[in-house]
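Trainee: give me the fold of what follows.
(3 chains)
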Amino acid sequence: MMRRGARWLAAHDRVRAWGLLAPGTLWLLAFFVLPVAIMGAYSAMERGLYGGVEPGFSLASYARFFDPLYLRILGRTLWLAALTTLLCVVIGYPVAYAIAGAGRWKHALLFLVVLPFWTSFLVRTYAIMFLLRDSGLVNSALLALGLIDEPLTLLYTPGAVLAGLVYGYLPFMVLPVYASLEKLDPALLEAAESLGARPVAGFLRVTLPLSLPGLVAGSLLVFIPSLGAFLTPDLLGGARQVMIGNLVQQQFGAGRDWPFGSAASFILMALVLAVVYVFLHRGAGALPEEVE
Amino acid sequence: MSQGATLTPAVRFTRVCKRFGETVAVDGVSFDVAGGEFFSILGPSGCGKTTTLRMLAGFERPDAGEILLHGERIDELPPWERPLAMVFQSYALFPHLSVARNVAFGLERRKLPRAEIDARVRSALELVRLDPGVFGRRSPRQLSGGQRQRVALARALVLEPPVLLLDEPLGALDRKLRKEMQAELRALNRELGTTFVYVTHDQEEALAMSDRVAVMAEARIEQVGTPAEVYERPRTAFVAGFLGDANVFEADSGRTVVVRPERMRLLRPGSAVPDGLSSRQGEIRDLVYLGDREHAIVGVGPVDFRVALRDPDRFEGETWRRGDAVVVAWRPDDAHPLEGA
Amino acid sequence: MRRPPWWVAGLTAVTLCLLHLPIAVLIASSFNRSRFAMRWDGFTLDWYSRLLERGDILEALRASLVVALVSTLLATVFGTLIALGLARHAFPGRRIYQGLLYLPIVTPEIVVGISLLVLFATAGVTLGLGTITIAHVAFNISFVAVVVLARLHGNGRDLEEAAMDLGAGPLTTFFRVTLPQILPGVIAGALLAFTMSFDDFVITFFVAGVGSTTLPLLVYSMVRRGVEPTINAISTIILAVTTIAILIAYRLREGESS
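Mentor: Presented below is the predicted three-dimensional model:
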């Protein structure tokens, strides 16, 4: 009996596959797909008098998003996410480059980059707060050096949010860039040099283009969570540096406008998926393939 | 290269040394390469031949000694300032550039006008027998090993370097293609008049292609000479053994000598040994079939001699069998004394 | 890759220092007698001993550990099964499924949290440790599946087929051959899931109810009320726990590659 059962299973690969997939898939259907679907439905309903929703179909919540007040929040979100990505490229690329060329030290150095990133995001955000507050290390150091007479307001500024985002997501840039530089055949650079390329030309013509896939992946990995940031602007930005994530949260908290909050969530998700799509399709096409 | 002695050599190494940490990679190497010469550096892996070439290219700096190119010192120059071009073992084609852009790379660094670059790229591709119209826009990934090899060659030759460096360029090709490329490289060397410095561990390749060969072992040059010289008159036991089958033994004079298998012949015991030939008595231990020839392993006392059997032996109706008692004979002037042995 | 120029190496050294500075300052401050100022007033364990007097902190730690352990167990089992199904079987739509598997990873946490809140509210489920655990399993399944899948792609089916040929049934083959092979990947995935659950704030924030406070939620509410030295002490403990988990995961991966 057992033997026959086993043979039947072996013959029905598809059945076995779905058997293995079933528990996790059902869980994800119930607690990821279904909630998002319900939220989608809510985004097209009307706001209930005391929170919740009223049945009925309305696109008013999406229309409301085009209010200049909310467009400004959208603009700030895109701007901060783009700036974060740019800063991560500028800061992260040299780090990845240096580690890839560090010989036997590279694994230890890579570990140093990854270690803070593995630890609690909340704790790291708090650490930035602790550093930037009026009596924090940065202000204390500037006062002690006599560069300023009274503490600067560093917290609750766009700069603080930016610092938090870059600090939070920098390793996401370093790792993929490192991976693509590490794969680079050193003979390619030697070939370039023997063909007359000085180090700068060798970098611009060989190293940089060949590390572009890593840069694209790193940018994606930094840009996406920056778009959806909630905790960083909440703790470091305060009331005036609201990003989409905070807008969503407000609607489900004090605002009690679930349809609008759902619509904002959907817009955020659409933005993220659009970015993923563009990066994966266009981004791959923009890679230096001057080939048919 | 008879004129090499009077003209300034294209490349000159004078007591060049290089060590990596504790290991000595190149130990006091000196040699000259004449202009237009096809010069090979031959040796087993780890003998220092690639390091020697990389010092010439500028990727490594010598710890001591001088490297001259056409009489001028270059060992302080960075690679991009040396008028050399190199073909790499892995080809090192830029995977993100098309074939044409790969070949154009060096010309673009020299900021030549576009039209001239295009024209020179075309003729370089034609030189290595790749149709520019067909291959120019392809990616290196879409090419076969032999085609990649040709692109690498075109990329180096398009700069019209006075000296071309080749680091085991044929290692990854199959035997038939390798033979073809050997002939083409040889032809290019003759047609273009470019000096070739060629690194290989394949002694057959070195003998077939080179004007002269430098045999390296353990960071030193053992012998430099024409293929015939290093093969027929090896100076050391290492050179004798590395370049082919060799019988190294103590001659009657008491000196250690080497005799190549094809310079020995077998006779039946009792038959008259021709005048002036040296000989030893032995017994055939084994017969080794090698396709184009056959070797008899003859036990002479404690040593084994390798003797090439020639077709004439067969025409004469001689058939040799294992266990036959034989006489091994050779001309004394084919027995070359070895140094330091 | 070749050695970087000195200025790139210098820049990297500065960046690496800045990366660790905030955490180093935080840890140092947790042992500093001074309450507010950036001045070293002497070593103290006061802030840690104060933690022990606070029942809410111990309660939150217990809640965090329970949620992390239970959700890690479930997510590891589900995620490993998915990875096995994807790596070892061909079925129509496999590539699409594999692509969709990344959806929970790229979806902003806030969207995941809010949508679960909406679901639980609609279904009338009381928020508590149960809903937190459900949410953590949901966001961890994909991570575990991706990590184990990477490991499974590394080794072929040869051993399994050999075992089957020798007459081992599917279950014997799984426990004797497949599982030992992928175990390092499974443990690495589990440790990842554990730290993600133990650290999670955003999703937990939305699906937690009254009286189900995890450690990150407690830290958050303390931070909102203002900087105080006990937060530094809790943060240091959280850092220590996650760092130990990461070191173990790293060791496992190193053992794997050698």
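Trainee: please count neighbours and contacts with C-alpha atoms only from this point.
Mentor: Fine.
Trainee: tell me the pLDDT at A:G285?
Mentor: According to the predicted model, the pLDDT of A:G285 comes to 47.
Trainee: list the buried residues of the one helix or strand A:S140 maps to.
Mentor: A:S140 is part of helix A:137-144, with elements assigned from DSSP states H and E. For helix A:137-144, burial by neighbour count (16 or more other CA atoms under 10 Å in any protein chain shown) applies to A:137-140, A:143.
Trainee: what of stretch B:144-155?
Mentor: Of the residues in stretch B:144-155, B:145-155 count as buried by neighbour count, 16+ other CA under 10 Å.
Trainee: same question, stretch B:276-289
Mentor: B:278-279, B:281-287.
Trainee: okay, those in CSV with pLDDT, secondary structure and distance to C:A162 next?
Mentor: Putting those into CSV (pLDDT from 0 to 100; DSSP: H, G, I helix; E, B strand; the rest coil; distance: CA to CA, whole Å) gives the following:
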residue, pLDDT, secondary structure, distance to C:A162
B:S278, 89, strand, 63
B:S279, 89, strand, 61
B:Q281, 91, strand, 58
B:G282, 92, strand, 54
B:E283, 93, strand, 52
B:I284, 93, strand, 49
B:R285, 93, strand, 45
B:D286, 92, strand, 43
B:L287, 90, strand, 43
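Trainee: near chain C too, which of those?
Mentor: Applying CA under 8 Å from any CA of the partner chain to those, one finds that nothing falls near chain C.
Trainee: if you average pLDDT over the host helix or strand of C:A13, what comes out?
Mentor: Using DSSP H and E, the element containing C:A13 is helix C:6-30. Throughout helix C:6-30, pLDDT has a mean value of 92.
Trainee: which other helices and strands does it contact?
Mentor: With contacts taken as 3 or more CA pairs under 8 Å, 6 or more residues apart in numbering or on different chains; DSSP states H and E, helix C:6-30 sits against helix A:68-100, helix A:106-118, helix A:121-132, helix C:229-257.
Trainee: chain center to the last one, what's the gap?
Mentor: Read it as helix C:229-257. Chain-centre distance of helix C:229-257: 10 Å, with CA atoms, centre = their mean, to the nearest Å.
Trainee: now the end-to-end length of stretch B:186-206.
Mentor: Across its full length, stretch B:186-206 reaches 11 Å between end residues, using CA to CA, to the nearest Å.
Trainee: buried sites along it?
Mentor: For stretch B:186-206, burial by neighbour count (16+ other CA under 10 Å) applies to B:186, B:188-189, B:194-203, B:205-206.
Trainee: what about these, which are in strands?
Mentor: Among the buried residues of stretch B:186-206, DSSP state E puts B:195-200 in strands.
Trainee: could I get those residues as CSV with distance to chain A?
Mentor: Formatted as CSV, the entries for those read as follows, by distance: CA to the nearest CA, whole Å:
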residue, distance to chain A
B:T195, 16
B:F196, 15
B:V197, 15
B:Y198, 16
B:V199, 16
B:T200, 18
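Trainee: those residues: which two are farthest apart?
Mentor: Across these, the two members that end up farthest from each other (CA to CA) are B:T195 and B:T200, 16.1 Å apart.
Trainee: just the closest of the buried residues of stretch B:144-155 to chain A, please.
Mentor: B:R155 (8.4 Å; CA to the nearest CA).
Trainee: pretty sure that closest one contacts B:S98?
Mentor: No: applying CA atoms under 8 Å, one finds B:R155 not in contact with B:S98, separated by 11.8 Å.
Trainee: point me to the residue of the stretch 51-200 of chain A nearest chain B.
Mentor: Among the residues of the stretch 51-200 of chain A, A:G196 lies closest to chain B, at 4.0 Å counting by CA to the nearest CA.
Trainee: find the nearest non-adjacent residue to that residue, please.
Mentor: Excluding the flanking residues, the one nearest A:G196 by CA to CA, 6 or more residues apart in numbering or on different chains is B:W80, at 4.0 Å.
Trainee: mind listing what the spatially closest residue to C:S29 that is not a sequence neighbour touches?
Mentor: Of all residues not flanking C:S29 in the chain, C:N232 sits nearest, at 6.7 Å (CA to CA, 6+ apart). Contact criterion CA atoms under 8 Å, 6 or more residues apart in numbering or on different chains gives C:26-27, C:29-30 as the residues in contact with C:N232.
Trainee: low pLDDT regions in the stretch 1-150 of chain C?
Mentor: For the stretch 1-150 of chain C, residues meeting the criterion pLDDT under 70 lie at C:36-37.
Trainee: now the helix holding C:A13: buried residues?
Mentor: For helix C:6-30, a neighbour-count test (16+ other CA under 10 Å) marks C:8-9, C:12, C:15-16, C:19-20, C:22-23, C:25-27, C:29-30 as buried.
Trainee: same deal with stretch B:124-137?
Mentor: For stretch B:124-137, by 16+ other CA under 10 Å, it's B:124-125, B:127-128, B:130, B:132, B:135-137.
Trainee: most proximal residue of chain B with respect to chain A?
Mentor: B:W80 (4.0 Å).
Trainee: distance check, that residue against B:A92.
Mentor: Noted for B:W80: a distance of 16 Å to B:A92, by CA to CA.
Trainee: who has more neighbours, these two?
Mentor: Just comparing B:W80 and B:A92: by other CA atoms under 10 Å in any protein chain shown the higher neighbour count belongs to B:W80, 23 against 20.
Trainee: tell me how far the more buried one lies from B:A64.
Mentor: The gap separating B:W80 from B:A64 is 21 Å, by CA to CA.
Trainee: mind telling me which residue of the stretch 151-292 of chain A is nearest chain C?
Mentor: Closest to chain C within the stretch 151-292 of chain A is A:G228: 5.1 Å, counting by CA to the nearest CA.
Trainee: how many neighbours does A:R240 have?
Mentor: Taking other CA under 10 Å as the criterion, the count of residues near A:R240 is 11.
Trainee: pLDDT score for it?
Mentor: If you check A:R240, the pLDDT there is 83.
Trainee: can you pull up the most central residue in the chain?
Mentor: Went with chain A since none was named. Most central in chain A under CA atoms, centre = their mean is A:P225, positioned 2.4 Å from the mean C-alpha point.
Trainee: try chain B instead
Mentor: Nearest to the centroid of the C-alpha atoms of chain B, with distances taken as CA atoms, centre = their mean, sits B:A206, at 2.3 Å.
Trainee: still on that earlier bit, tabulate the buried residues of stretch B:144-155 (JSON lines), appending pLDDT.
Mentor: Listed next are those as JSON lines, based on pLDDT from 0 to 100:
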{"residue": "B:G145", "pLDDT": "89"}
{"residue": "B:G146", "pLDDT": "90"}
{"residue": "B:Q147", "pLDDT": "93"}
{"residue": "B:R148", "pLDDT": "94"}
{"residue": "B:Q149", "pLDDT": "93"}
{"residue": "B:R150", "pLDDT": "94"}
{"residue": "B:V151", "pLDDT": "96"}
{"residue": "B:A152", "pLDDT": "96"}
{"residue": "B:L153", "pLDDT": "95"}
{"residue": "B:A154", "pLDDT": "96"}
{"residue": "B:R155", "pLDDT": "96"}
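Trainee: so which of the residues you listed reach chain A?
Mentor: When contact is defined as CA under 8 Å from any CA, the buried residues of stretch B:144-155 do not meet chain A at all.
Trainee: out of those residues, who's nearest chain C?
Mentor: B:A152 (21.3 Å).
Trainee: the helix holding A:S140 and chain C in contact?
Mentor: Yes: contact of helix A:137-144 with chain C (CA under 8 Å from any CA) involves A:137, A:140.
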